[in-house]
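Colleague: Predicted model and sequence below, questions to follow.
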Amino acid sequence: MSPTSILSPASTPADSIFGLSRFVLLNVAAIFGIVFTLLVYVVVRFRSRGIVDRSEPAQIYGSTQVELAWTVIPVLIVLALFLASARVIASIQDPPRPHGSLEVIVIGHQYWWEYRYPSLNIVTANELHVPVSDTAQPMPTFLTLLSADTDHSFWVPRLAGKTDLIPNHPNKTWIDPHESGIFLGQCAQYCGTQHAKMLLRIYVQPRDEFERWVREQQQGGQAAGSRGRRVFESMACINCHTISNTPASGKFGPDLTHIMSRDTIAAGAALNTRQQLRLWIKNPDAIKPGSKMPAMGLTDQEVDAVATYLETLR
């Protein structure tokens with residue numbers, strides 16, 4: 001499992017940010033060391049030795065050399081930090097787009113993530129799948145960031161810096177992971193009662209695994225009839241969720257066409273097991289208090305039937 005640490009970058013944007021942070025830290029550490037050393041020297045060199053001298057020390061009314069030093073040196077330090085920051089910002093905000101790069105639209109909702117792959121005709125939720133991007137065959141992923149309601153912020157520390165999602169103001173970022181694995185993140189902008197449980201999971205896969213995932217996601221949903229499906233379609237569930245090849249076409253909640261292909265539910269708040277799925281259907285507040293999903297008042301038999309139906313959606 002990947003830690004949420006900026007100190008082990010696994011993508012070019014995160015590596016650039018880490019390099020800039022290290023450069024700034026070394027500069028301020030050097031400044032601190034020089035100032036602290038001079039301070040200790042002055043304290044030790046000019047400390048009282050028991051002889052009280054009440055005469056007024058020599059008065060110095062100006063020194064061109066000292067004034068030039070404390071003006072020019074800080075200006076040069078600030079200029080170096082400015083140029084280093086500008087270079088990193090430019091490289092992150094305007095990167096080259098090689099042929100074959102992946103485009104994903106990220107939509108922040110209270111309190112979950114929606115992912116749309118326009119060129120692949122895939123819609124999924126909460127778990128973003130992208131391919132590894134190696135130097136020999138780069139395949140970066142470019143993310144268009146939108147918000148469906150309030151301010152959110154997309155932040156996966158090992159892959160990229162924090163980027164805000166603002167209503168009616170499209171934003172963008174990009175990643176090019178150099179290693180496979182699961183990278184964790186978090187909505188980093190307070191967005192309501194369940195902000196803390198609006199988690200991010202990015203699955204970076206080798207090319208062949210990613211292509212297999214794409215093929216599976218492009219398949220249609222389960223069309224076979226069942227009691228659980230009838231219960232699902234008779235409730236307001238179909239107004240919030242989409243399941244392909246069924247009357248369910250809601251956009252307010254996550255697309256459930258391939259819900260069982262995900263490791264978690266409720267934006268990473270719970271593992272995607274039958275027990276947790278059943279609890280989520282029966283009483284969402286037990287997992288995520290204040291979530292937008294209502295308790296539908298289903299009987300235990302109806303909850304079991306719906307859970308069984310959803311378990312067929314792989």
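Modeller: Good, I have the coordinates.

Colleague: By residue count, tell me the biggest helix in the protein.
Modeller: helix 12-45 (DSSP state H).

Colleague: So, low pLDDT: which residues of this structure?
Modeller: Where the chain drops to pLDDT under 70, the residues are 1-2, 51-53, 221-225.

Colleague: can you map out the helices along it?
Modeller: 12-45, 64-93, 207-218, 227-234, 237-240, 274-282, 300-310.

Colleague: can you tell which of those helices is closest to Phe252?
Modeller: Closest to Phe252 of those, according to Cβ to Cβ: helix 237-240, at 4.3 Å. Every residue, glycine included, has its C-beta placed from N, CA and C.

Colleague: Please work out which residues outside the closest one touch it.
Modeller: Residues from elsewhere that reach helix 237-240, judged by Cβ atoms under 8 Å, 6 or more residues apart in numbering: 232, 246-253, 293, 296.

Colleague: Among those, which one has the most neighbours?
Modeller: Within the contacts of helix 237-240, most neighbours by other Cβ atoms under 10 Å means Phe232, with 25 neighbours.

Colleague: Let's have the contacts of helix 237-240 in TSV, adding distance to Leu79.
Modeller: Output for the contacts of helix 237-240, formatted as TSV (distance: Cβ to Cβ, whole Å):
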residue	distance to Leu79
Phe232	62
Thr246	61
Pro247	63
Ala248	58
Ser249	56
Gly250	54
Lys251	50
Phe252	50
Gly253	51
Met293	53
Met296	62
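
Colleague: so which of these comes closest to Arg47?
Modeller: Met293 (68.8 Å).

Colleague: distance of the closest residue to the closest one other than its chain neighbours from Ser291?
Modeller: Excluding the flanking residues, the one nearest Met293 by Cβ to Cβ, 6 or more residues apart in numbering is Pro284, at 4.3 Å. Applying Cβ to Cβ, to the nearest Å, the value for Pro284 to Ser291 is 5 Å.

Colleague: Spit out the residues that contact those two alike.
Modeller: What both Pro284 and Ser291 touch, as defined by Cβ under 8 Å, 6+ apart, is the set Ala266.

Colleague: Report the buried residues of stretch 11-25.
Modeller: 11-18, 20 (16 or more other Cβ atoms under 10 Å).

Colleague: follow-up on the earlier one: quick one: closest of the helices of the chain to Leu143.
Modeller: helix 12-45 (10.8 Å).

Colleague: which secondary structure elements does that closest one contact?
Modeller: helix 64-93, strand 171-175 (3 or more Cβ pairs under 8 Å, 6 or more residues apart in numbering; DSSP states H and E).

Colleague: Would you tell me which one of those is buried the most?
Modeller: strand 171-175 (a mean of 20; mean count of other Cβ atoms under 10 Å).

Colleague: helices and strands around it, which ones?
Modeller: Checked by 3+ Cβ pairs under 8 Å, 6+ apart, strand 171-175 has helix 12-45, strand 141-147, strand 163-165 packed alongside it.
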